[in-house]
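Enquirer: sequence plus predicted model, see below.
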Amino acid sequence: MSLVTFQNVEKEYRPRRGRPYVAVREFQLETQPGEFFCLLGPSGCGKTTVLNMLAGFEHPTSGSIRLGGKPIRGPGPDRAVVFQGDDSLFGWLTALENVEFGLRMRGVPARERRERARHFLDLVGLAGQDHKHPNQLSGGMKQRIQIARVLATEPTMLLMDEPFAALDAQTRLLMQEQMRAIANAAHTSVFFITHDIDEAIMLGNRIGVMMAGPASTLKGLVEVALGEQRSRTDAAFMDVYRIVYDMIREEVLKSSRASGLTAGAGQ
Amino acid sequence: MNGRWREWAGYWPFAAGFLGMFAVWHVVASWFFVSVLFPPPLPVLAKGWELVLSGDLWIHIWASLRRIATGFALGSTVGILVGLVIGSFQMVRRLLDPVVETLRFIPAVAMITVAVIWFGIGESSKVFIIFYGTVFIVILSTAAGVANIATNKIRAAESLGASRLQMFLHVTLPATVPFILTGMRLAMANAFTTIVAAELVAANEGIGTLMWQSRLYMQVEVVFVVLLTLALLGFVVDRVFRWAIFTFAHNYSPVV
């Protein structure tokens, strides 16, 4: 059975002023348990809307989203979210206490949750940083805390909203290289949003490419038949890259044309 | 030894500025505006020392500080609670907004008359005025703090399974601490202004009273002793607040 099912999902925003606009429509997708799924699309295409609906932060205007057959009604610890910005961390708690947060909400005894939190801090490569506060840590480390924090609650799946987009280039590469291993070690499925083709191919088992917004939907799916050890310079990697690039190029052009950014940059 | 010296060396501009203020005062009062109405610092300090030794100054300081502390504690408590509720519930905010947004423009000093009519010239009138001057500032900054919590923090807590009550206790409250402390610090500065005015009008003791009585007897030095006392007290209390904000709140940064 599939893990997540989007069935004919539509999301329309009705701002108080201005016209209503459709962000996503006729969105159909199924992901499998254990899958690392990347949703790739140009900026403003509604990727985050899709993730927010799956997380339960927003509700579809029509259609349904199910996780393991059960409809999603709101946010829940079975779908823990890693955000792009570090403003989701609790600045008044130490790294360890941030990771303990979900377990604490569940009433797990202090000793046990401390142990489990330490385990996940180790897993994301933050051993020894337990007692630092987020403002004492670098951007990459903060994202690692976020990842450890969601893994500690052992969710059915991780939802990641461009988690590495704000990092510097070197840190981003490192995080991308490690993220698959982390997800495998934690035995968790991932729904990962990105606008970066490289990142999608480095991480995903499958990539869903979205059309340009507004009223976006899924343009197509690409299987990434690469092993665990992936390298950007492999021929196989390049082949996948070409396929995805051709799919998304058109959409990026469309979206930049819509915002008046082209001026002959097309061909 | 060297390290400690260096530590103290950092304070010299502060000390120099402080002494400079007295030097300017001395020069101006001794040579430019020579008048019994404007005493130079030395006689003022001598008078102050006399009042310290006799214990009179302490009685007045204690009376004022007690009023400030009581009114401030009450005002802060009510302000924090109301601010949290206003910040957390849209409906309450809409209902209370007009109340807060109009009443807060009535200066606490203007409430002295009402306070005296209601409570007489006893302690409760002063406590009420300080309370009044504190409560709105703390309400506004607390409510602003709640409104400023990053959406991602709330969403993160929700998706980590926090209930509404847990959200309030473990996210809303700690994330609002810096705003609460800042509001309290502003309110404290306000309380000093207010207490003097209130005591000028209606009190048997207190630093404001001391100043007013000295004026009647033309004890200009005492008036200046009171001014100095106010400056020092305000400075010390504000430093305590800054220290508290730094110690408790630098990890409660609203940004991260």
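Expert: Looks like it came in fine. Residues are numbered from 1 along each chain as shown, chains lettered A, B, ... in the order given.
Enquirer: next one, pLDDT for the residue of the stretch 101-250 of chain A at minimum distance from chain B please.
Expert: Closest to chain B within the stretch 101-250 of chain A is A:Gly102: 3.7 Å, counting by CB to the nearest CB. Every C-beta, even on glycine, is put in place using the N, C-alpha and C of the backbone. For A:Gly102, the pLDDT comes out at 94.
Enquirer: contacts for the stretch of helix or strand it belongs to?
Expert: If you go by DSSP states H and E, A:Gly102 is part of helix A:95-105. Residues outside helix A:95-105 that contact it (CB atoms under 8 Å, 6 or more residues apart in numbering or on different chains) are A:77, A:80, A:89-90, A:93, A:112-114, A:116-118, A:120-121, A:126, A:129-134, A:137, A:141, A:145, A:148-150, A:152-153, B:157, B:160-163, B:166, B:170.
Enquirer: rewinding a little: gap between the residue of the stretch 101-250 of chain A closest to chain B and A:Val244?
Expert: 34 Å (CB to CB, to the nearest Å).
Enquirer: more neighbours: those two, which one.
Expert: Between A:Gly102 and A:Val244, A:Gly102 has the larger neighbour count (other CB atoms under 10 Å in any protein chain shown), namely 27 against 22.
Enquirer: which residues touch the residue nearest to the spatial centre of chain A?
Expert: Closest to where the C-alpha atoms of chain A average out (CA atoms, centre = their mean) is A:Met160, at 2.2 Å. By CB under 8 Å, 6+ apart, the contact set of A:Met160 is A:81-82, A:190-193.
Enquirer: near chain B too, which of those?
Expert: A:Val81 (CB under 8 Å from any CB of the partner chain).
Enquirer: out of the contacts of A:Met160, who's the most crowded?
Expert: The most crowded member of those, judged by other CB under 10 Å, is A:Val81 (27 neighbours).
Enquirer: other SSEs contacting the host helix or strand of it?
Expert: Assigned by DSSP H and E, A:Val81 belongs to strand A:79-82. Under the contact definition 3 or more CB pairs under 8 Å, 6 or more residues apart in numbering or on different chains; DSSP states H and E, strand A:79-82 sits against helix A:47-55, helix A:139-151, strand A:157-161, helix B:151-159.
Enquirer: dump these to CSV, plus mean pLDDT and distance to B:Ala16.
Expert: CSV is the format used below for the helices and strands packed on strand A:79-82 (pLDDT from 0 to 100; distance: least, CB to CB, whole Å):
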stretch, mean pLDDT, distance to B:Ala16
helix A:47-55, 93, 56
helix A:139-151, 92, 42
strand A:157-161, 94, 54
helix B:151-159, 94, 45
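Enquirer: and stretch A:60-76, which residues are buried?
Expert: A:60-61, A:63, A:65, A:67, A:72, A:75-76 (16 or more other CB atoms under 10 Å in any protein chain shown).
Enquirer: how about the helices in the stretch 151-267 of chain A?
Expert: Secondary structure of the stretch 151-267 of chain A (DSSP state H, counting those that start in this stretch): helices at A:169-185, A:197-203, A:235-258.
Enquirer: most tightly surrounded among these?
Expert: helix A:197-203 (a mean of 23; mean count of other CB atoms under 10 Å in any protein chain shown).
Enquirer: averaged pLDDT, that one. What do you get?
Expert: Helix A:197-203 comes out at a mean pLDDT of 92.
Enquirer: who's in contact with that helix?
Expert: Counting by CB under 8 Å, 6+ apart, A:36, A:38, A:40, A:164, A:172, A:176-177, A:179-180, A:190, A:192, A:194, A:207, A:224, A:226, A:230, A:232, A:237, A:240-241, A:244-245, A:248 sit against helix A:197-203.
Enquirer: okay, which residue is most central for chain B?
Expert: Chain B has B:Met188 as the residue nearest its centroid, 1.3 Å off, counting by CA atoms, centre = their mean.
Enquirer: do the helix or strand encompassing it and chain A meet?
Expert: Per DSSP H and E: B:Met188 is located in helix B:173-201. Yes: judged by CB under 8 Å from any CB, helix B:173-201 comes into contact with chain A through B:174-175, B:177.
Enquirer: among those residues, who's most crowded?
Expert: Going by other CB under 10 Å, B:Ala175 tops the residues of helix B:173-201 next to chain A with 22 neighbours.
Enquirer: now the closest residue to that residue other than its chain neighbours: how far from B:Leu84?
Expert: Take B:Ala175 and drop its neighbours on the chain: the residue closest to it by CB to CB, 6 or more residues apart in numbering or on different chains is B:Ile149, 4.7 Å away. Relative to B:Leu84, B:Ile149 is positioned 12 Å away (CB to CB).
Enquirer: what residues are shared contacts of the two?
Expert: B:172, B:176.
Enquirer: thinking again about what came up before, looking at this, the residue nearest to B:Ala175 is in a strand?
Expert: No: read with DSSP: H, G, I helix; E, B strand; the rest coil, B:Ile149 is coil and lies in no strand.
Enquirer: residues near it, how many?
Expert: B:Ile149 has 20 nearby residues by other CB under 10 Å.
Enquirer: quick check: phi and psi on it?
Expert: phi -60, psi 130 (degrees, to the nearest 10).
Enquirer: is it true that it touches B:Phe168?
Expert: No: here B:Ile149 does not reach B:Phe168: they are 11.0 Å apart, not a contact under CB atoms under 8 Å.
Enquirer: which residues are contacting the helix or strand where A:Phe37 lies?
Expert: In this assignment (DSSP H and E), A:Phe37 forms part of strand A:36-40. Residues outside strand A:36-40 that contact it (CB under 8 Å, 6+ apart) are A:31, A:47, A:50-51, A:180, A:183, A:189-197, A:199-200, A:203-210, A:244, A:248.
Enquirer: do that again at 7 Å, thanks
Expert: A:31, A:47, A:50, A:180, A:183, A:190-195, A:197, A:200, A:203-210, A:244, A:248 (CB atoms under 7 Å, 6 or more residues apart in numbering or on different chains).
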